[in-house]
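Trainee: structure, please.
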Amino acid sequence: MPFPADTEGFHEASVFIENEGELLPDGAAFDRWKASLLINRKDSPIEHRNWKRWRDVEAYLEGYGYDLVRWFRALAVFPVPSWELTLRIGHELGIPVTWDRLLVLSRMPILQSERIDERLRQDMLKGLNRQDEDTARWVVQEELSAVQVITSGTHAQAELETALAIQAFALDPYEPANQDAIRFLLTNGHLSRAQEAELNGITNKVSIGRNMQIKGATSSSELPPLTIKEWLANEAPPAESPPPVAPTETEKMESHPLPYGFCAYLGIHTAVGIGVAHGWNRYPLSLGVWFTSRCSSTEERGGIEGLSFCQRNCRHR
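Mentor: Got it, this is the predicted structure:
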């Protein structure tokens with residue numbers, strides 16, 4: 001005797017067993033009983049649906065409530081479906097993970113395949129709100145990080161690290177380390193077309209959100225879509241200018257001939273005046289110190305060369 005596999009069907013089966021399978025004596029009793037089970041059921045048929053088209057998938061899920069639509073849409077943050085991620089994401093979204101809801105999901109061919117169709121996945125991501133997306137990506141990041149040690153040194157390591165870089169960038173696109181990781185993957189050709197398309201969607205969402213805050217735009221159609229490469233180019237830090245090179249003494253004298261000439265002239269005359277008054281040999285070193293203390297700028301101190309010249313020649317006299 002067949003019964004539905006959900007909790008209601010289990011209840012009917014238990015009642016049938018308790019009554020020891022007794023039916024009315026006429027032959028139509030079973031048909032009437034089966035019809036009575038179907039009257040109150042609202043199962044969405046799984047046949048004749050295009051499971052690669054989001055509106056068909058959404059119509060199937062809406063028959064069981066909005067929570068299932070929200071839950072399944074959040075699974076699009078990672079292209080490879082798994083029951084571990086499905087259960088964890090549903091739990092973190094605050095959706096009750098019940099037997100009946102898992103039964104509805106298990107009937108979908110999408111979750112029985114190796115990968116979610118990429119076009120379907122991009123359509124799912126477009127309508128995913130930011131809070132649910134961040135929650136789901138955080139779950140994926142944690143689950144992938146948990147197996148990072150296991151994949152070390154294997155062929156799966158590069159694929160895992162690429163997936164982690166994408167999740168980290170999606171969670172915090174303005175973090176310089178996350179931007180540098182994506183630049184490296186793009187430059188070295190480590191991203192597939194599907195991964196690049198996902199990053200384009202992420203940067204487009206971020207750009208629209210920021211421009212709506214800054215410019216007060218009310219519609220995303222007012223803004224052109226921004227690819228990941230264009231977005232990273234706009235976010236690139238300005239190139240650092242080289243440190244200034246200190247000019248040589250010759251360049252200083254050429255650029256400021258008057259202060260240098262005047263200071264040299266003043267230095268020589270000061271040296272001569274003090275030397276005549278006190279004798280050349282008493283203050284041969286103090287002249288430079290005295291004059292330097294009275295020169296307020298670097299250019300004025302160029303006159304010290306004149307003092308040094310005078311002192312050197314005065315010592316030989």
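Trainee: now do the contacts for the closest residue in space to residue 132 that isn't next to it in sequence.
Mentor: Nearest residue to residue 132, sequence neighbours excluded (C-beta to C-beta, 6 or more residues apart in numbering): residue 74, at 5.0 Å. C-beta coordinates here come from the backbone N, C-alpha and C atoms, glycine included. Residue 74 sits next to 89, 93, 128, 132, 133, 135, 136 when contact means C-beta atoms under 8 Å, 6 or more residues apart in numbering.
Trainee: ok, of these, which one's closest to residue 173?
Mentor: Of all the contacts of residue 74, residue 133 has the smallest distance to residue 173: 12.3 Å, by C-beta to C-beta.
Trainee: what comes into contact with the helix or strand harbouring that closest one?
Mentor: Here residue 133, judged by DSSP states H and E, is contained in helix 130-146. Identification of contacts with helix 130-146 by C-beta under 8 Å, 6+ apart yields 70, 73-75, 77-78, 84-85, 88-89, 92-93, 125, 128, 160, 163-164, 167-168, 170-171, 205, 209.
Trainee: let's go with 10 Å and repeat that
Mentor: Residues from elsewhere that reach helix 130-146, judged by C-beta atoms under 10 Å, 6 or more residues apart in numbering: 70-71, 73-78, 80, 82, 84-85, 87-94, 125, 128-129, 151, 160-161, 163-164, 166-172, 202, 205-206, 209.
Trainee: over to stretch 3-12?
Mentor: By C-beta under 10 Å, 6+ apart, the residues outside stretch 3-12 that reach it are 1-2, 13-16, 33, 36-38, 40-41, 43, 98-104, 106-107.
Trainee: got any ranges where this protein has weak pLDDT?
Mentor: Counting by pLDDT under 70, the chain shows low-confidence ranges at 1, 17-30, 33, 209-224, 237-317.
Trainee: redo that, cut-off 50
Mentor: 24, 217-218, 220-221, 258, 260, 262-266, 268-317 (pLDDT under 50).
Trainee: which among the contacts of residue 74 gets closest to residue 51?
Mentor: Distances from residue 51 to the contacts of residue 74, taken by C-beta to C-beta, are shortest for residue 128, at 18.5 Å.
Trainee: contact partners for the closest one?
Mentor: The contact partners of residue 128, taken as C-beta under 10 Å, 6+ apart, are 70, 73, 74, 75, 76, 77, 134, 136, 201, 205.
Trainee: okay, and the residue nearest to residue 132 sits in which element?
Mentor: helix 66-74.
Trainee: that helix: what's the following helix or strand?
Mentor: Criterion used, DSSP H and E; the element after helix 66-74 is helix 83-92.
Trainee: convert that following helix to PDB, retaining C-alpha atoms only.
Mentor: Taking C-alpha atoms only, helix 83-92 is exported to PDB below (Å, rounded to 0.1, in the frame of the first residue of the first chain):
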ATOM      1  CA  TRP A  83      23.600  18.600   1.400                       C
ATOM      2  CA  GLU A  84      26.100  19.700   4.000                       C
ATOM      3  CA  LEU A  85      26.000  23.300   2.600                       C
ATOM      4  CA  THR A  86      22.300  23.100   2.000                       C
ATOM      5  CA  LEU A  87      21.500  22.200   5.600                       C
ATOM      6  CA  ARG A  88      24.000  24.700   7.100                       C
ATOM      7  CA  ILE A  89      22.800  27.600   5.000                       C
ATOM      8  CA  GLY A  90      19.200  26.900   5.800                       C
ATOM      9  CA  HIS A  91      20.000  26.800   9.500                       C
ATOM     10  CA  GLU A  92      22.000  30.000   9.400                       C
END
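Trainee: buried sites along the next helix or strand after that helix?
Mentor: Sequence order places helix 99-106 as the next helix or strand after helix 83-92, per DSSP H and E. Using 16 or more other C-beta atoms under 10 Å as the test for burial, helix 99-106 gives 101, 104, 105.
Trainee: apart from its chain neighbours, what residue comes closest to the first one?
Mentor: Going back to what we said before, that points to residue 101. Leaving aside its chain neighbours, residue 101 sits nearest to residue 68 (6.1 Å; criterion: C-beta to C-beta, 6+ apart).
Trainee: report how many residues lie close to the one you found.
Mentor: Residue 68 has 20 neighbours, counted by other C-beta atoms under 10 Å.
Trainee: residue 142 too?
Mentor: Residue 142 has 12 neighbouring residues, counting by other C-beta under 10 Å.
Trainee: what do you get for residue 132?
Mentor: Residue 132 has 18 nearby residues by other C-beta under 10 Å.
Trainee: next up, the contacts around residue 169.
Mentor: Residue 169 neighbours (C-beta under 10 Å, 6+ apart): 137, 175, 177-179, 181-182, 185, 198-199, 202-203, 206, 228, 232.
Trainee: I appreciate the help and will end here.
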